[in-house]
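**Student:** Would you be able to build a 3D model of this:
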Amino acid sequence: MPPRRRETWGYHGVRARPSDGFSAEIRFRGMRLGLGNLNTANEAARAYDAAVWRLRWPHRTLNFPNVPTREQAQELAPLPRLSTDEDRRDNRRLEHRLGIAEMDEEAMALWRQHFLEDIINEREFYAQRRAERDKRRAERAAYREDKRRRKGDAQFNMRLGAASPWEFDDDRYLHAYS
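**Tutor:** Numbering: from 1, shown residues only. Predicted coordinates for the structure are as follows:
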């Protein structure tokens, strides 16, 4: 049986990433503390050592036992980011949604290539809807303007002392007093 290949580069808690970087992580009480993605294996090992110092683990687990104090170890590496099972589950869910969205975009691009007449019909449909909406807006604006004008005329007539704000042949006048 061939020996197991370890991607630790000789350091505890360091793994090579596909993007030519290195990640440092530490397992603690059933959780994975992701210490970050770093450029070199040495930086990732120093991040691991800082986490070991913070957790007060035995010094035999250090990659660089020559760091004498916790303060020096903390200066060498950033604070760890906690990655729980829930975080991983949320990340998988988001990746799944992103994959579905990408497949939808690919399907729509393929559909657009094969069914150009549908795109033309869709554009005509939305152009017609925009024209109808603009026509309704213009009608409502004209109605509101007419309403403002009639109200202004009625207020002006009342200030002049007219008996009624409406004309006598107005249907609203008959409804108001009947």
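**Student:** quick one, strands of this structure?
**Tutor:** Applying DSSP state E to the chain gives strands spanning 14-16, 22-28, 31-38, 81-83.
**Student:** Columns mean pLDDT and mean neighbour count on top of those strands, output as a markdown table?
**Tutor:** (Each C-beta comes from the backbone N, C-alpha and C, glycine too.) Formatted as a markdown table, the strands of the chain follow (pLDDT from 0 to 100; neighbours: other Cβ atoms under 10 Å):
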| stretch | mean pLDDT | mean neighbour count |
| --- | --- | --- |
| strand 14-16 | 84 | 19 |
| strand 22-28 | 82 | 19 |
| strand 31-38 | 78 | 18 |
| strand 81-83 | 62 | 13 |
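**Student:** Looking at these, spot the one closest to residue 109.
**Tutor:** strand 31-38 (32.4 Å; Cβ to Cβ).
**Student:** Nearest to residue 106, out of the strands of the chain?
**Tutor:** strand 31-38 (29.0 Å).
**Student:** and that closest one, how far out from the chain's middle?
**Tutor:** Offset of strand 31-38 from its chain centre (Cα atoms, centre = their mean, to the nearest Å): 23 Å.
**Student:** same deal with stretch 124-143?
**Tutor:** 33 Å.
**Student:** before we move on, the earlier item: so which of the strands of the chain gets nearest residue 66?
**Tutor:** Taking the strands of the chain one by one with Cβ to Cβ, strand 14-16 is closest: 17.5 Å.
**Student:** What strands line up against that closest one, and which way round?
**Tutor:** Strand pairing for strand 14-16, determined by DSSP bridges: strand 22-28 (antiparallel).
**Student:** now the angle from the partner strand to strand 31-38?
**Tutor:** Here strand 22-28 points in a direction 160 degrees away from that of strand 31-38 (axes from the mean of the first three to the mean of the last three Cα atoms, to 10 degrees).
**Student:** Pull the distance from strand 22-28 to the chain's centre.
**Tutor:** Counting by Cα atoms, centre = their mean, strand 22-28 comes out at 27 Å from the chain centroid.
**Student:** now do stretch 133-151
**Tutor:** Taking mean C-alpha positions (Cα atoms, centre = their mean), stretch 133-151 and its chain are 40 Å apart.
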